[in-house]
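In: starting from these lines, generate the structure:
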Amino acid sequence: MCGIVGIVSQEPVNQHIYDALLLLQHRGQDSTGMATADGSQLHLFKAKGQVREAYRTRDMRSLLGTMGIGHVRYATAGAAKNEEEAQPFYVNAPYGIILVHNGNLTNTRELSRDLFAIDRRHINTSSDTELLLNVLATEIQSRISGDALDAGDLFDAVSGVHARVEGSYAAIAVIAGHGVLAFRDPFGIRPLILGSRPAENGKTEWIVASESLVLESAGYNIVRDVEPGEAIFVTAEGEMFAKQCAANPILMPCSFEYVYLARPDSIMNGISVYEARLRLGNRLADTIAEYAPTGNIDVVMPIPDSSRPAAMQVARKLGIEYREGFYKNRYVGRTFIMPGQAQRKRSVRQKLNAMSSEFKGKNVLIVDDSIVRGTTSKEIIDMARAAGANEVTFTSAAPPVRFPHVYGINMPSRAELIGHGRKIPEIASVLGADHLIYQEVEDMHAAIIEGSPVTGLDMSCFTGEYVTGTVTNEYLAWVEATQSS
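Out: Numbers count the residues shown, from 1 in each chain. A predicted model of the protein is given here:
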């Protein structure tokens, strides 16, 4: 998962992009990067680590111009070990294009082959973002003559990208001397929101970002979500063009955005993340009441922070006292997206501390947003018992994660998922919980889309049904083999 932003302003844009990346930091802590355009000259900086650690005054001073893009990343495709794999990526022809991407391409083998053998383009990293950039550059180059470039050429090129690329992608590109191009895959799996505000000179400033909170914080008006398959082009002067570039687009946003990844104060695809999590708690409470001995439970506790809305609703609906028993160290990254099982396990104890006064002698019901590998959940249950809990009922606001997520979340291997191939009592035994309750798949789907225009979700990691229709067992086996090598 990544966070991306693109801005066309009437004043220097570097500080605005930096501020946006701070707000998107929860979407990735491995690396960050920024690129700006000053006329036809492009400026690029990227580094490992978090936003506050990465940028120095000298770096910001070199990022000149009134339009640009930014990125925060955790690795899904491509190694996380060096800055060369960090985004943005640059290609010098045509014009000079710099691109950031949130998502994951699922036909990288075919794209790599064709780009080299047919398009005569060289790829220097293992990042699928570099592949996406070169496909876009090839499609643009094939549609222009001389220096002429208009929105129609770019929209035709994006149509070509949709025809060649499979998987999930929300992308933003700066095209030197021309403007900013943003586009979204035909299923709208990853989020992308468009906003605008008036500039002092009477022109319009534009922004596209992964989450709406970025727009609201900077005083932009939310215009709308970029539609699945749609492309947006904004010139350096602030003129905006939009066109649907996919043949058969359908909105199927990732359910895990609402369960865990997005900040609760964001609205994506017309759905409030916070309200969705409250509804997840309401439906989870019904399932808990059906399958767990709630009469013996003394307190309901959330795992901070993303499960807090669901836990509050569980406590309210079941009529059980809500308490905060875990204290979070906010300077440790999100554990399930950390690379390596050993690092995740160490980080759980650094990230959370159980206050014994809240646990001693009590039967506790713990609410988490989801259970992926089980590393965090097992450590939390052990911590609760060590703090004096008498009995631990563990609940998840999401269903069991039983299948790899191939659209941009770090869940590549079935063997790593505690829910794969196990029944719920077996999972409870591995975790060490007295009782284990999961959200039902149908309840999660209904809770997220309730009251919105959205009719379907990508729930592939819960159901094994991949919305693009191009993910095969052979591909899943190849991904697992690649990740383990």
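In: mind checking how far Met240 is from His178?
Out: Met240 sits 13 Å away from His178, going by Cβ to Cβ, to the nearest Å. Placement of C-beta: from N, CA and C, glycine included.
In: more neighbours: which of the two?
Out: Shown here are Met240 and His178; by other Cβ atoms under 10 Å, His178 has more neighbours (22 against 17).
In: nearest residue to the more buried one in space, please, no chain neighbours.
Out: Nearest residue to His178, sequence neighbours excluded (Cβ to Cβ, 6 or more residues apart in numbering): Leu149, at 5.6 Å.
In: same deal with Val51?
Out: Val51 sits nearest to Leu21 (Cβ to Cβ, 6+ apart), 4.7 Å away.
In: which residues sit against the host helix or strand of the one you found?
Out: Element membership of Leu21, judged by DSSP states H and E, is helix 14-23. The contact list for helix 14-23, computed with Cβ atoms under 8 Å, 6 or more residues apart in numbering, reads 3, 5, 7, 9, 32, 34, 36, 51-52, 55, 60, 63-65, 68-72, 207, 209, 211, 213-214, 217-218, 263.
In: could you list the domains of the protein?
Out: 2-251, 269-484 (automatic domain parsing).
In: so which of the ones you listed gets nearest Tyr258?
Out: Closest approach to Tyr258 among the domains of the chain is made by domain 269-484 (4.4 Å; Cβ to Cβ).
In: how far is that closest one from where the chain is centred?
Out: On the basis of Cα atoms, centre = their mean, to the nearest Å, domain 269-484 sits 17 Å off its chain's mean C-alpha point.
In: what does stretch 127-143 give?
Out: 22 Å.
In: same check, this time on stretch 250-268
Out: That offset, for stretch 250-268, works out to 8 Å (Cα atoms, centre = their mean).
In: give me every residue that touches Val300.
Out: 311, 314-315, 318, 320-323, 364-365, 367.
In: now the residues you listed: which count as buried?
Out: 311, 314-315, 318, 320, 322-323, 364-365, 367 (16 or more other Cβ atoms under 10 Å).
In: what stretches of the protein score poorly on pLDDT?
Out: Applying pLDDT under 70 to the chain flags residues 75-82, 146-147, 330-349, 412, 484-485.
In: apart from its neighbours in sequence, what residue is nearest the residue lying farthest from the centre of it?
Out: Distance from the C-alpha centroid of the chain, by Cα atoms, centre = their mean, peaks at Gly361 (39.1 Å). Nearest residue to Gly361 in three dimensions, chain neighbours excluded: Asn390, at 5.7 Å (Cβ to Cβ, 6+ apart).
In: longest helix anywhere in the chain?
Out: Criterion DSSP state H: the longest helix present in the chain is helix 273-291.
In: so what touches that helix?
Out: Under Cβ under 8 Å, 6+ apart, the answer for helix 273-291 is 257-259, 262-267, 294, 306-307, 309-314, 317-318, 365, 367, 369, 393, 395-398, 435, 437-440, 443-444, 446-448, 450.
In: now the buried members of those residues.
Out: Here, 16+ other Cβ under 10 Å leaves 257-259, 262-264, 266-267, 294, 306-307, 309-314, 317-318, 365, 367, 369, 393, 395-398, 435, 437-440, 443-444, 447-448 buried among these.
In: just the ones of those in strands?
Out: Judged by DSSP state E, strands contain the following of the buried ones among the contacts of helix 273-291: 267, 365, 367, 393, 395-396, 435, 437-438.
In: which two among the residues you listed are spaced furthest apart?
Out: Ile267 and His435 (34.5 Å).
In: if I look at the residue nearest to Tyr438 when sequence neighbours are not counted, how far off is Arg308?
Out: Nearest residue to Tyr438, sequence neighbours excluded (Cβ to Cβ, 6+ apart): Ser396, at 4.9 Å. From Ser396 across to Arg308, the span is 14 Å (Cβ to Cβ).
In: same question for Arg52.
Out: 25 Å.
In: comparing those two, which shows the higher neighbour count?
Out: Shown here are Arg52 and Arg308; by other Cβ under 10 Å, Arg308 has more neighbours (20 against 11).
In: look up how far Gln313 lies from the closest residue to the more buried one other than its chain neighbours.
Out: In this structure, Arg308 finds its nearest non-sequential neighbour in Pro302, 4.4 Å apart by Cβ to Cβ, 6+ apart. Distance, Pro302 to Gln313, using Cβ to Cβ: 10 Å.
In: related to what we said a few turns ago, tell me, how many neighbours does the residue nearest to Gly361 end up with?
Out: 15.
In: now do Ile17
Out: 26.
In: go on, Ala218?
Out: Around Ala218 there are 18 residues (other Cβ under 10 Å).
In: dump the residue contacts of it.
Out: 16, 19-20, 197, 207 are the contacts of Ala218 under Cβ under 8 Å, 6+ apart.
In: okay, it and Leu476: tell me how far apart.
Out: 40 Å.
In: for the contacts of Val300, give me TSV that also has distance to Ala137.
Out: Shown next, in TSV, are the contacts of Val300 (distance: Cβ to Cβ, whole Å):
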residue	distance to Ala137
Ala311	47
Val314	50
Ala315	53
Leu318	56
Ile320	57
Glu321	59
Tyr322	53
Arg323	55
Val364	55
Leu365	53
Val367	47
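In: helix or strand: which one has Leu251?
Out: Short version, using DSSP H and E: Leu251 is in no helix or strand.
In: distance-wise, check it relative to Ala170.
Out: Taking Cβ to Cβ, one finds Leu251 at 13 Å from Ala170.
In: which one's more surrounded, the two?
Out: Ala170 (25 against 20).
In: in this structure that one contacts Asn104, no?
Out: No - taking contacts as Cβ atoms under 8 Å, Ala170 lies outside contact range of Asn104: 11.1 Å.
In: next up, the contacts around the closest residue to Thr106 other than its chain neighbours.
Out: Of all residues not flanking Thr106 in the chain, Gly167 sits nearest, at 3.8 Å (Cβ to Cβ, 6+ apart). Taking Cβ under 8 Å, 6+ apart, we find Gly167 in contact with 103-107, 128, 185, 406-407, 468, 470.
In: apply 7 Å and report the result again.
Out: With contacts defined as Cβ atoms under 7 Å, 6 or more residues apart in numbering, the neighbours of Gly167 are 103-107, 407, 468.
In: Serialize those to a markdown table and add fields for neighbour count, distance to Ala93 and secondary structure.
Out: Below are the contacts of Gly167 laid out as a markdown table (neighbours: other Cβ atoms under 10 Å; distance: Cβ to Cβ, whole Å; DSSP: H, G, I helix; E, B strand; the rest coil):
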| residue | neighbour count | distance to Ala93 | secondary structure |
| --- | --- | --- | --- |
| Gly103 | 27 | 24 | strand |
| Asn104 | 25 | 26 | strand |
| Leu105 | 25 | 21 | strand |
| Thr106 | 24 | 27 | coil |
| Asn107 | 19 | 24 | coil |
| Tyr407 | 29 | 30 | coil |
| Thr468 | 19 | 30 | coil |
